[in-house]
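S.K.: Got a predicted structure plus its sequence, pasted below:
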Amino acid sequence: MSFKEKRKDLVESLIKRKILTKTEVIDAMLKVPREKFLSEKAQSSAYMDTPLSIGLGQTISAPHMNAMMCEYLELKEGDKVLEIGTGSGYHAALCAELVAPENSQNPGHVFTIERHEELAERAEISLKETGYNSSVTVIHGDGTLGYSEAAPYDKILVTAASPEKVPPPLKKQLKDGGILCIPAGSKSFGQNLYIVRRDGEKFKSKKITGVRFVPLIGKFGFNSKSESL
Ligand code: SAH
C-alpha cells in the first residue's frame, strides 16, 4: 500500500470516529505527507494512529490529536498562528495548509518555536522539502515566552504540556477573540487539553479531554532539570 493510500485510510477512520468533521481539516490531513516529517525507520508507522519518536526524547503526536487540535482552533485562511513545540514540523505544515492554502489571495502564516536546535533544523528541512517553508517560520528558542516580534496571533497552539492553562506571555500575544489550544496539568500524567478563548481581558477555558504530552520546558513551563531524555 502506498503512503497516499495509507493516509486516506487513516483519514477515513478519523472521520468514522467523528474526530475529523471539517472539510478543510480533512483536506489538509489528506494532503500533508506525515511520512516526510519522520525518520526512515519511523516512516512505515506514519499512518498508524499513534505518537512516534522523533529523537531527543520527544514525540510527534498521534494523528487524531493533530486533527482534534486543528478542528478546535477553527483555523481559517489568513490566520496568523503561533505554535509552541515544532518537533517534527508536521503540525506546523498542517496549520500552514489551512491558513495559507495554495494560490491564496489572503495567505496567513505560521510561526513555530522549538527549544531543541537539532529538531528546529530538521523541521526546517522537512518543511522545505514539502514546500511549506514559505508559510512557516521556524524559530529556535523558549516558546513559553511566545514570539512578540510577530504578535498578536489569531490562534496559538501549544504542543507540549504546560503547568498552567495560559503562560502569561501568551495571554498578551493572543488577539482579542483569538483561540488558544493547550495541554496543561502535571509533567507526566493527569493532563487535559484545553481550548481558551480571549474575550477582552477575560480568558474562558473549556476542558476537552485527558491527554498525554511531553513537558513544556522553559521560563514559564517546567524546569529543564526535570526533563528525562
Ligand atoms: N508539534 C510537534 C510535536 C511536538 S512534541 C509535531 O508535529 O511533531 C513537543 C515539542 O515541544 C518537543 O519537540 C519539545 O522539544 C518542544 N518544547 C518543549 N518545551 C518547549 C519550549 N518551551 N519552547 C519550544 N519548544 C518546546
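M.R.: Looks like it came in fine. Everything quoted here is computed from the prediction, not taken from an experiment.
S.K.: Could you pull up the residues touching Ser13?
M.R.: Contacts here follow Cβ atoms under 8 Å, 6 or more residues apart in numbering; on that basis Ser13 touches Asp49. The C-beta positions use only the backbone N, C-alpha and C, and glycine is treated the same way.
S.K.: would you say it is within a strand?
M.R.: No: the assignment for Ser13 is helix, going by DSSP: H, G, I helix; E, B strand; the rest coil, so no strand is present there.
S.K.: all helices for the protein, in order.
M.R.: Under the criterion DSSP state H, helices of the chain are mapped to 3-16, 23-31, 63-73, 90-99, 117-129, 168-173.
S.K.: Adding distance to the ligand, write those out as TSV.
M.R.: Converted to TSV, the helices of the chain look like this (distance: least, Cβ to the nearest ligand atom, whole Å):
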stretch	distance to the ligand
helix 3-16	15
helix 23-31	13
helix 63-73	7
helix 90-99	3
helix 117-129	5
helix 168-173	11
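S.K.: Including mean pLDDT, could those go into TSV?
M.R.: Listed next are the helices of the chain as TSV, based on pLDDT from 0 to 100:
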stretch	mean pLDDT
helix 3-16	98
helix 23-31	98
helix 63-73	98
helix 90-99	98
helix 117-129	98
helix 168-173	96
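S.K.: Packed most tightly, which of those helices would that be?
M.R.: helix 90-99 (a mean of 28; mean count of other Cβ atoms under 10 Å).
S.K.: just checking, what packs against it?
M.R.: In terms of contacts (3 or more Cβ pairs under 8 Å, 6 or more residues apart in numbering; DSSP states H and E), helix 90-99 is packed against helix 23-31, helix 63-73, strand 80-84, strand 109-114, helix 117-129, strand 136-140, strand 153-158.
S.K.: hmm, 6 Å instead?
M.R.: Counting contacts by 3 or more Cβ pairs under 6 Å, 6 or more residues apart in numbering; DSSP states H and E, helix 90-99 is packed against helix 23-31, helix 63-73, strand 80-84, strand 109-114.
S.K.: In a markdown table: the helices of the chain, plus distance to Pro215.
M.R.: Shown next, in a markdown table, are those (distance: least, Cβ to Cβ, whole Å):
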| stretch | distance to Pro215 |
| --- | --- |
| helix 3-16 | 26 |
| helix 23-31 | 27 |
| helix 63-73 | 16 |
| helix 90-99 | 17 |
| helix 117-129 | 15 |
| helix 168-173 | 16 |
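S.K.: quick one: which of those is nearest Tyr47?
M.R.: Nearest of the helices of the chain to Tyr47, taken as Cβ to Cβ: helix 3-16 at 3.8 Å.
S.K.: Up against the ligand, what does this protein have?
M.R.: Proximity of the chain to the ligand (Cβ under 6 Å from any ligand atom) is limited to residues 58-61, 84-85, 87-88, 90-91, 113-116, 119, 142-144, 159-160, 214, 216-218, 221.
S.K.: Pull out the buried members of those residues.
M.R.: Buried by 16 or more other Cβ atoms under 10 Å: 58-61, 84-85, 87-88, 90-91, 113-116, 119, 142-144, 159-160, 214, 216-218, 221, out of these.
S.K.: hey, which strand is longest across this protein?
M.R.: Longest strand in the chain, counting residues (DSSP state E): strand 174-185.
S.K.: and the angle for that strand with strand 80-84?
M.R.: 20 degrees (axes from the mean of the first three to the mean of the last three Cα atoms, to 10 degrees).
S.K.: Show me what the mean pLDDT comes to for strand 174-185.
M.R.: Mean per-residue pLDDT for strand 174-185: 98.
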